[in-house]
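**Student:** here is the input, now give the coordinates:
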Amino acid sequence: MFVLGLVAYSAETIIPAIELAARESNQLYGSQVTFNHSVIGNPKSGDFCDQFQEAMTSQLAEFYYRRRSRSYFLLLPTGCSPSIVQAAGLAREWNVPVISSGGGGDALRNKKLFPSLVCLLPSTVEEYTRTFFAIMQRNQWHTVTFICNSDSSKNYFFRSACQQFPAILKRQVVPFTVYDYENNLSQEYSRTSALKKARAQSRIIVILAHMDLVRLTLVTAFRLGMTNNNYVYLTSVWYNFNNPELGSPHWFRNDSLDTVALEAFKSLLIITLSSPRQSQRLRDFFSAIDSISRKNNVTVDYKAPNAIPKAEGQLYAIFAHAAFHAAAQMVNESIANGADLNNGIDFAQRMYGRSYSSLEGHSFVVNANGDRDSLYAVLAITTEQGDLQEILLYDASKRDLYPSPSGHNWVRAESIPRDRPECGFHEDSSGCHADEYTTVLASTLVVVAILLLVGITVLIKRYRNAAWRTCPYNLNSKDLVVRV
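**Tutor:** Okay, here's the model as predicted:
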């Protein structure tokens, strides 16, 4: 079995991960099948999506028509979404299975258009959206305001999230009240205007923008008195580490705003992909790919303009490794069952509805649409010192939101607010001061009763005095004559 790897970024981790997965698969299934592999892509570290997309079609055609052997082969396009769309389109015509561990584009979910494609990238905007919806249901929130940065349309994740997050609420049978706006969150006056508008609409506010802008908006909210226990903010990013494109999902920047940002972040919930569980197996994996990368003389410059952070590259390596192993498992089962490996569409669909192992510390499921369901997390401040931890997990395969086994709790867990204040947004709702009015009324009645009692007492006393004065037996001392 020949495996063709297509690598558009993070070559220093993905290429070794493919090599390691091929070696392990040969050890597991060597009695049935041998996996040989080749990699197309820039061997340097960094992001080369643009160059890769331009060259990929010709490279694939050359391989298919000139270089391929009679052996069956798989494509593992660990690259950018437009490139995968190109590869999947050609694979449909050639009836070749495409096992993708990269690319989060919406077009890749269309398996009618790409029937031989299986998407094993665990992070899709649709699943972040469902995690958000599960949070709304868990807390019985039905009124929410969305604040999107006006420049967010330039980024795929934020552009899609700003569309999908409100949309999932608007199409529910149980009505949700949804307000959504675009603002230039890089400007203080615009942030202030957006927050004041949100304050009059809901106590649940979703900010979808670069994390630096989310942080600035929360600092502004703190200064407006809008980060106390009456407010909850939500945001979302692909992964729980610093990414130049999305920012760092943390309050700390080592600047003058850190103290205020810490307090403001206590009102924030962050939706992201759950981090891989640390284990000896995972540490051995990272050590092995580093060793292979050095052996292959792959250069690494994490300060280069197109550099991808090391933590992100390691995550993509985990995904590529899992994709190779899932495909190898299906190849072995197909051979054992006498299935036709020349039929890429049938091969891809045999992977549907199955669970596969991963280095992340939990298995994953390929759902009925040929997409990977994974584990998502909700992050929050869990200590007064500002520790940011996973407090909730969302299992996409089961549509289940549950507390993190870590046992960490949000510092605001005991005072989660309503989406609409009991007394209204301007404290003018009828009946919202009922207790206060009852107390005042009771006090007034007591005072009136006392005054009435005093008045009646005075009247009775005056009546008695008047009656005595007119009584014939009432003798004045002047009228008395004393005779001796």
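**Student:** drop to CA atoms for contacts and neighbour counts, all remaining ones
**Tutor:** Fine.
**Student:** give me the residues contacting stretch 109-116.
**Tutor:** The contact list for stretch 109-116 (C-alpha atoms under 8 Å, 6 or more residues apart in numbering) reads 88-89, 91-92, 95-98, 108, 117, 119, 344-349, 369-371.
**Student:** kindly report the same for stretch 124-136.
**Tutor:** Stretch 124-136 is contacted by residues 104-105, 142, 157, 160-161, 164-165, 168-169, 236, 271-272, 376, 394, 396, 399-401 when judged by C-alpha under 8 Å, 6+ apart.
**Student:** swap the cut-off to 7 Å and go again
**Tutor:** Residues outside stretch 124-136 that contact it (C-alpha atoms under 7 Å, 6 or more residues apart in numbering): G104, F157, S160, A161, Q164, F165, I271, Y394, A396, L401.
**Student:** ok, the third one - contacts?
**Tutor:** With C-alpha under 7 Å, 6+ apart as the criterion, the residues that contact S160 are V125.
**Student:** in the host helix or strand of it, what's buried?
**Tutor:** Secondary structure assignment for S160, by DSSP states H and E: helix 156-170. Neighbour-count burial for helix 156-170, counted by 16 or more other C-alpha atoms under 10 Å, picks out F157, F158, R159, S160, A161, C162, Q164, F165, P166, L169.
**Student:** report the separation between the first one and W238.
**Tutor:** When you say that, I think you mean F157. Between F157 and W238 the distance, using C-alpha to C-alpha, to the nearest Å, works out to 8 Å.
**Student:** try the last one
**Tutor:** Remark: distance between L169 and W238 (C-alpha to C-alpha) = 21 Å.
**Student:** on that earlier part again, possible to save the contacts of stretch 124-136 as CSV with pLDDT?
**Tutor:** Converted to CSV, those look like this (pLDDT from 0 to 100):
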residue, pLDDT
G104, 71
F157, 86
S160, 89
A161, 92
Q164, 94
F165, 95
I271, 97
Y394, 96
A396, 91
L401, 96
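**Student:** where do the strands of the stretch 351-484 of the chain begin and end?
**Tutor:** Secondary structure of the stretch 351-484 of the chain (DSSP state E, counting those that start in this stretch): strands located at 354-356, 364-366, 372-373, 375-381, 388-395, 400-403.
**Student:** and the shortest one, which strands flank it?
**Tutor:** Strand 372-373 sits in its sheet next to strand 364-366 (antiparallel), going by DSSP bridges.
**Student:** off-centre distance for the strand it pairs with?
**Tutor:** With C-alpha atoms, centre = their mean, to the nearest Å as the basis, strand 364-366 stands 19 Å off its chain's centre.
**Student:** quick revisit: now render the buried residues of helix 156-170 as TSV, adding distance to V214.
**Tutor:** Below are these laid out as TSV (distance: C-alpha to C-alpha, whole Å):
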residue	distance to V214
F157	15
F158	12
R159	15
S160	17
A161	14
C162	14
Q164	19
F165	17
P166	18
L169	22
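**Student:** where does the chain have its least confident helix or strand?
**Tutor:** Across the helices and strands of the chain, mean confidence by mean pLDDT, DSSP states H and E is lowest for helix 434-469: a mean of 66.
**Student:** if you count neighbours, what's buried in stretch 138-153?
**Tutor:** W141, H142, T143, V144, T145, F146, I147, C148, N149, D151, S152.
**Student:** what do you get for stretch 183-200?
**Tutor:** By neighbour count, with 16+ other C-alpha under 10 Å as the criterion, the buried positions of stretch 183-200 are N183, N184, L185, S186, R191, T192, A194, L195, A198, R199.
**Student:** now do the contacts for the fourth one.
**Tutor:** Meaning S186. Applying C-alpha under 7 Å, 6+ apart to S186 gives the contacts L213.
**Student:** where does the stretch 1-150 of the chain dip in pLDDT?
**Tutor:** Residues of the stretch 1-150 of the chain meeting the criterion pLDDT under 70: 42-48, 50-51, 53-55, 59, 67-73, 77-79.
**Student:** that older thread, deepest-packed of the strands of the stretch 351-484 of the chain, please.
**Tutor:** Using mean count of other C-alpha atoms under 10 Å, the stretch among those with the largest mean neighbour count is strand 375-381, at a mean of 27.
**Student:** and that strand, which strands flank it?
**Tutor:** Neighbouring strands of strand 375-381 in its sheet, by DSSP bridges, are strand 268-273 (antiparallel), strand 388-395 (antiparallel).
**Student:** what comes into contact with the first one?
**Tutor:** In this case it means strand 268-273. Under C-alpha under 7 Å, 6+ apart, the answer for strand 268-273 is 123, 128, 232-240, 375-380.
**Student:** could you identify the helix or strand that succeeds it?
**Tutor:** Tracing the chain C-terminally past strand 268-273 and defining elements by DSSP H and E, one meets helix 280-295 next.
**Student:** centre of the chain to that following helix, how far?
**Tutor:** Helix 280-295 has its average C-alpha position 29 Å from the chain's average C-alpha position, going by C-alpha atoms, centre = their mean.
**Student:** that one: which residues count as buried?
**Tutor:** L282, F285, F286, I289, D290, I292, S293.
**Student:** what is the burial count for V96?
**Tutor:** V96 has 26 neighbours, counted by other C-alpha atoms under 10 Å.
**Student:** list the contacts of Y316.
**Tutor:** With contact taken as C-alpha under 7 Å, 6+ apart, Y316 is in contact with I14.
**Student:** how much space between it and V7?
**Tutor:** The span separating Y316 from V7 equals 11 Å under the rule C-alpha to C-alpha.
**Student:** cool, and N240?
**Tutor:** With distances taken as C-alpha to C-alpha, N240 is found 23 Å from V7.
**Student:** kindly report the same for V365.
**Tutor:** Taken as C-alpha to C-alpha, the spacing of V365 relative to V7 amounts to 24 Å.
**Student:** next one: L268
**Tutor:** Following C-alpha to C-alpha, the distance that separates L268 from V7 is 36 Å.
**Student:** which residues in the stretch 51-200 of the chain form helices?
**Tutor:** Listed in chain order, the helices of the stretch 51-200 of the chain (DSSP state H, counting those that start in this stretch) span residues 81-94, 125-138, 156-170, 188-199.
**Student:** tabulate the CA atom coordinates of the last one in PDB.
**Tutor:** When you say that, I think you mean helix 188-199. The C-alpha atoms that make up helix 188-199 are tabulated as PDB, following Å, rounded to 0.1, in the frame of the first residue of the first chain:
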ATOM      1  CA  GLU A 188     -11.900  52.400  22.800                       C
ATOM      2  CA  TYR A 189     -15.000  54.500  21.900                       C
ATOM      3  CA  SER A 190     -16.400  51.700  19.700                       C
ATOM      4  CA  ARG A 191     -15.800  49.100  22.500                       C
ATOM      5  CA  THR A 192     -17.600  51.400  25.000                       C
ATOM      6  CA  SER A 193     -20.500  51.900  22.600                       C
ATOM      7  CA  ALA A 194     -20.900  48.200  21.900                       C
ATOM      8  CA  LEU A 195     -20.800  47.300  25.600                       C
ATOM      9  CA  LYS A 196     -23.300  50.000  26.600                       C
ATOM     10  CA  LYS A 197     -25.700  48.700  23.900                       C
ATOM     11  CA  ALA A 198     -25.200  45.200  25.100                       C
ATOM     12  CA  ARG A 199     -25.900  46.200  28.700                       C
END
